[in-house]
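Engineer: Need a 3D model of the sequence below.
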Amino acid sequence: MKRFILIAVSALLIVLACACAPRGENSTAQNGHAKKNTVIFVTFGSSQAYDWSLADAAVKSFNTSETGVKTFFFAESLGKLELTSVLANNVPVEDRASPYRSKSLLNPDGYDDTAVNGLPHIECFYREQMLVRQIVESGGIPKDYNPDGDGDGVVDAITFVFDEKFTATASSPEKIMWPHKSEFYGYDKLLSGSFYIPKGYFSASLSLEEAFAIPEINGVKVGPYAVVSTSSTEGEVCHELSHVLGLPDYYSYEDDKRVYDNLGGYELLGAEVGAVPQYSLAYVRSKLGWLEEGKDVLVTDSSAAFTLSPVTENGVQAVKVIPADFTEKGEFFMIEARRKGDSGFDSAVNSTGVIIYSVVPEYAFIGSDGRYGAVDYGNMYGGGRFEVKLFTNSLRNYFTGKPGSTALEDIKYRDGSSSGVSVTGITANEDGSFSFGVNVTVSDKRPEPKTGSELIAGGNVIALRWEPECEGKTHVMVIRATPTSAACFMTGGLPKAKSVAAGNGEGLEVIEYATLSSASREYIPRAREECYLLIVHERANGELYGFATQHLVVAGTPTVTPQFSDFIGALLRPGRPLSIVIVAFIACCAVAVSCVLVGITVKISRKRKTESAENP
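Structural biologist: From the prediction side, this is the model:
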């Protein structure tokens, strides 16, 4: 009897596990990163929609072109993102386009774009929000369409494609009709003081909470969206969608001369976007969790030799060099190989060669108001500080491996001091790869104590241990973070540690905190999820002198017996198709009934055997 029950219970668990597994589109990309790009075409001043056949052909090109949206992001992410575009609607906006252009003598109905006390006027933002809401809620999107491909409860991405007859041009730029990324911020945005709102601008009868409520598509909240035109290139579309995925611009908004924009064509989010999209820098792609250190990005803090193929060959993407005094300076260096082709991705890069750039993660996300850590608008070069700086060689920002372009000696930090790092012997190989040596001068500034993690026998428990005994206290924080903020945190050095400790970590949530005595040499986090562990050692005088981080992926690893409620919770999680739930429930009932019938059959069989033995 026990054997039959064991078999039945095992079958039940298998059925439930299968029901809880990802289905459909979500299982096609590595790591389950399948997303949908909901595409809506828009035209103005007519009841006649944009030609559906042209719209359909454009969206098919997004998915099938060798240099289209889907192919590009799958390649750039090394297979970790599959972004499938779906033509969801084709909306004719009966209003004229004039209210969505800036106010002028020739366009008195336009929006007021006058800044007051450094704050942008609310009118442009408000009209764009209302226009997008009108488009989303206009009807026409199939009721069974699910725009949430990754199951996180938010529309993955929306691309509004405006008829080029109504979009802005380079000689007549606009903020609504110009290719850009935006999102619904909700009513809280108004209360944050981000806009100038003239007294009496909104009527007393208008509920701002309702006016700025986040719209939905079939019950799924609308998140970030991209605006492009029917004449936009594949590069422009991928640029704006990269913003939707969470990446900021890598050029200055305030500096017309672009003194700080030295990334050239090596960055998709830079100022030189090709008609065919080019890859973003390896450091930038790492922010989205696409590149893994140790596999896709080789990390060294000592002298070593390397060979890199161009990033478009999808091998090792870069080398990350950690200087000896990184925790003090908060600056490190990246090396990549890029190849300019006649067509295909990276055809827009300046030239073929090795590029070397420095990164100061603390300078990331500089807002339009100059505050560091702000993500609005993503100005990466405000106030003269810049997160990424490409080194130049004889007025070129690449190294060819030919005479006069084979080394970058004694790389300087932003403050002009020596980093102790050199890149030498850059050589172009016949197979298109580049070889070079990295020289790192090791000094007594290397931080102690050293910190590392190890797996403790007897269970899946992660512990962090350090040697030697520190002089004062040890502060330990377990942090939950988005991939973008985590990338800054993991590479931010001591400055970022201080910022997080002070409660200034943008996008970082401290879920555990402990202050340990000087005798402590081990910490075991309670967290059972993907998180980041931060260790800061403090001397008796209050000086923070040691810093280390450890990325923990312990979701689902504890060795515990699964509970029935865990399976049901996973089965009924948001986004799970109702048909799967019903089928799984019926299968469970069938298995349960089978268990009962098997038990009854076994009992009857045993009873008959007993009766036969007693009455031969």
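Engineer: Which parts of the stretch 151-300 of the chain are strands?
Structural biologist: Taking DSSP state E, counting those that start in this stretch as the criterion, the stretch 151-300 of the chain carries its strands at 157-162, 180-182, 216-217, 220-221, 225-229, 297-300.
Engineer: Any idea how many residues pack against residue 299?
Structural biologist: Residues near residue 299, counting by other C-beta atoms under 10 Å, number 12. Where C-beta positions appear, they are placed from N, C-alpha and C, glycine not excepted.
Engineer: Can you pull the phi/psi pair for the nearest residue to it once chain neighbours are set aside?
Structural biologist: Counting by C-beta to C-beta, 6 or more residues apart in numbering, the nearest residue to residue 299 once its immediate chain neighbours are dropped is residue 320, at 4.6 Å. Note on residue 320: its backbone torsions stand at phi -110, psi 120 [degrees, to the nearest 10].
Engineer: Show me the beta-bridge partners of residue 320.
Structural biologist: Applying DSSP bridges to residue 320 yields these beta-bridge partners: residue 299, residue 334.
Engineer: Next, find the distance separating it from residue 479.
Structural biologist: Between residue 320 and residue 479 the computed distance is 21 Å (C-beta to C-beta, to the nearest Å).
Engineer: now do residue 53
Structural biologist: Distance of residue 53 to residue 479, computed by C-beta to C-beta: 51 Å.
Engineer: Compare those two (neighbour count), which wins?
Structural biologist: Set side by side, residue 53 and residue 479 show more neighbours around residue 479, with 23 against 8, by other C-beta under 10 Å.
Engineer: Provide the secondary structure category for the more buried one.
Structural biologist: Under DSSP: H, G, I helix; E, B strand; the rest coil, residue 479 falls in the strand class.
Engineer: now it: how far from residue 512?
Structural biologist: Per C-beta to C-beta, residue 479 is found 8 Å from residue 512.
Engineer: Could you check what's spatially nearest to residue 96, not counting adjacent residues?
Structural biologist: Nearest residue to residue 96, sequence neighbours excluded (C-beta to C-beta, 6+ apart): residue 45, at 4.8 Å.
Engineer: so the one you found sits right up against residue 163, yeah?
Structural biologist: No - taking contacts as C-beta atoms under 8 Å, residue 45 lies outside contact range of residue 163: 9.9 Å.
Engineer: Please identify which of the two sits among more neighbours.
Structural biologist: Taking neighbours as other C-beta under 10 Å, residue 45 and residue 163 compare with residue 163 leading, 22 against 15.
Engineer: Tell me what the closest residue to the more buried one other than its chain neighbours is bridged to.
Structural biologist: Among residues not flanking residue 163 along the chain, residue 43 sits closest, at 4.2 Å (C-beta to C-beta, 6+ apart). Counting by DSSP bridges, residue 43 forms beta bridges with residue 92.
Engineer: got a list of what residue 43 touches?
Structural biologist: 49-50, 91-93, 162-163, 165-166 (C-beta atoms under 8 Å, 6 or more residues apart in numbering).
Engineer: now residue 201
Structural biologist: Going by C-beta under 8 Å, 6+ apart, residue 201 touches 122-123.
Engineer: separation between it and residue 318?
Structural biologist: Taking C-beta to C-beta, one finds residue 201 at 49 Å from residue 318.
Engineer: Same check on residue 228?
Structural biologist: In terms of C-beta to C-beta, residue 228 sits 29 Å off from residue 318.
Engineer: for residue 101, same thing?
Structural biologist: Taking C-beta to C-beta, one finds residue 101 at 43 Å from residue 318.
Engineer: Ok, residue 362 next?
Structural biologist: Distance, residue 362 to residue 318, by C-beta to C-beta: 20 Å.
Engineer: what do you get for residue 475?
Structural biologist: Distance from residue 475 to residue 318, by C-beta to C-beta: 32 Å.
Engineer: these two touch, right, residue 123 and residue 112?
Structural biologist: Yes - taking contacts as C-beta under 8 Å, residue 123 lies within contact range of residue 112: 4.7 Å.
Engineer: what sits against the nearest residue to residue 406 once chain neighbours are set aside?
Structural biologist: Ranked by C-beta to C-beta, 6+ apart and with sequence neighbours excluded, the top spatial neighbour of residue 406 is residue 426, at 4.6 Å. Shown in contact with residue 426 (C-beta under 8 Å, 6+ apart): 354, 399-401, 405-407, 434-436.
Engineer: And residue 92, by the same measure?
Structural biologist: 43-44, 46-50.
Engineer: Which ones among these lie within strands?
Structural biologist: Of the contacts of residue 92, the ones assigned to strands by DSSP state E are 43-44.
Engineer: tell me the least confident of the contacts of residue 92?
Structural biologist: Comparing pLDDT over those, the lowest score belongs to residue 47 (67).
Engineer: rewinding a little: more neighbours: which of residue 475 and residue 318?
Structural biologist: The neighbour count for residue 475 versus residue 318, taken as other C-beta under 10 Å, is higher for residue 318 (25 against 17).
Engineer: What sits closest to that one if chain neighbours are left out?
Structural biologist: Using C-beta to C-beta, 6+ apart and skipping the chain neighbours, the partner closest in space to residue 318 is residue 282 (3.6 Å).
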